[in-house]
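Trainee: sequence first, predicted model second:
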Amino acid sequence: MSDGRYFLELATGTLAFIAYFFPVTVVVAVFWVCGVVATGGRIKQRPVRLVARCVIPSALTIGVLIVGVVCCYRGPPPWADGKPPVFPEYLIGGLVLAHLLLGGLLVWRSGGQWPVIAASSAVWAWASMCASIVAGMSVSGVWL
């Protein structure tokens, strides 16, 4: 399987986990709608910058999936002890935790548009948590 196709498989698995944990997904979606409503008329101020700040955290989610593709566990282990290295799992966890820092920075720099940017950061953090489950299974070789 090519890396692009495997990336799409991991993305599909991420969407499956987002759907599986639908109560949390619904709460995050309601939080996002509340952020849009709270921002109100300020959404029309600098819309390109607003959209960019709402979409920037998606890079971390994509990064989690890329780590799952690049460091995936395939076939017999080439390492002596039979266990995969833990570095990719730490990298995945670090990318998920980076949402806190990036979200805080974006909210701090957003001015009056902060509610929708905070809510968008929460949406992408939730997507990254679900992606980390799938990517973690990929790098460890232990699938549910």
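Mentor: In hand now; what should we look at? Numbers count the residues shown, from 1 in each chain.

Trainee: return the distance of Ser140 relative to Tyr20.
Mentor: Going from Ser140 to Tyr20 by Cβ to Cβ, to the nearest Å gives 19 Å. For glycine as for every other residue, the C-beta is placed from the backbone atoms N, C-alpha and C.

Trainee: among the two, which residue is more densely surrounded?
Mentor: Ser140 (17 against 11; other Cβ atoms under 10 Å).

Trainee: burial of the nearest residue to Pro88 once chain neighbours are set aside, as a residue count?
Mentor: Using Cβ to Cβ, 6 or more residues apart in numbering and skipping the chain neighbours, the partner closest in space to Pro88 is Cys71 (3.7 Å). Burial of Cys71 is recorded as 18 neighbouring residues (other Cβ under 10 Å).

Trainee: torsion angles phi and psi at Glu89?
Mentor: phi -70, psi -40 (degrees, to the nearest 10).
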